[in-house]
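Student: One predicted model, sequence on top.
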Amino acid sequence: ESKGKKRNPLHDFKKTGELMLIKVNKTLEVKTKLLNTTEQCAKRCSRNKGLSFPCKAFAYDRVTKRCHWLSFNSLTNGVRKKQDHAFDLYEKKDYVRNCIIGKGADYKGTISVTKSGIQCQAWNSMIPHEH
């Protein structure tokens, strides 16, 4: 393991260039702030620092150097995508990934059926199996 090298916070995000998310559902939250780099935006999103919601994505305005932290991502109901040349969208991989890594303890994606198409058991249910 290399000493002194810090992990780039952007590694936890999937980047889509020239895209912004517009909230149609007014209950979804957004917070913005001027920041110089996407790395700073990613770090604050990963730590939820200064945010009243779990950060699922952020959009960085390259023109104004403004970070928009989002309580939603492109898979959330009540959200639409908008092409915008000023923005780059960064979505937390944990929330947009459609695969389970390891035992799936950190999985936050949207898949809720097995490979064979059977509906997954709800976490709050002990039927048909105990967890």
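Tutor: Yep, that arrived.
Student: residue boundaries of the helices in this structure?
Tutor: 38-47, 93-96 (DSSP state H).
Student: Other residues contacting the first one?
Tutor: For helix 38-47, the external contacting residues (C-beta atoms under 8 Å, 6 or more residues apart in numbering) are 8-10, 12-13, 35, 49-51, 55, 57-58, 60, 67, 69, 88, 90, 92. Bear in mind the C-beta positions are built from the backbone N, C-alpha and C, glycine included.
Student: tell me, which strand in this protein spans the most residues?
Tutor: Ranked by number of residues, the top strand in the chain under DSSP state E is strand 79-92.
Student: What pairs with that strand, parallel or antiparallel?
Tutor: Strand pairing for strand 79-92, using DSSP bridges, gives strand 13-23 (antiparallel), strand 57-61 (antiparallel).
Student: Alpha carbons only: can I get the longest one in CSV?
Tutor: Right, the one you point to is strand 13-23. Output in CSV follows, covering the C-alpha atoms of strand 13-23 (Å, rounded to 0.1, in the frame of the first residue of the first chain):
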residue,chain,number,x,y,z
PHE,A,13,-18.8,8.3,-8.9
LYS,A,14,-20.0,7.6,-12.4
LYS,A,15,-19.5,10.7,-14.6
THR,A,16,-21.9,11.7,-17.4
GLY,A,17,-20.7,14.8,-19.3
GLU,A,18,-23.0,17.6,-20.4
LEU,A,19,-26.0,16.4,-18.3
MET,A,20,-28.0,18.0,-15.5
LEU,A,21,-30.9,16.5,-13.5
ILE,A,22,-34.0,18.5,-13.1
LYS,A,23,-36.3,17.7,-10.2
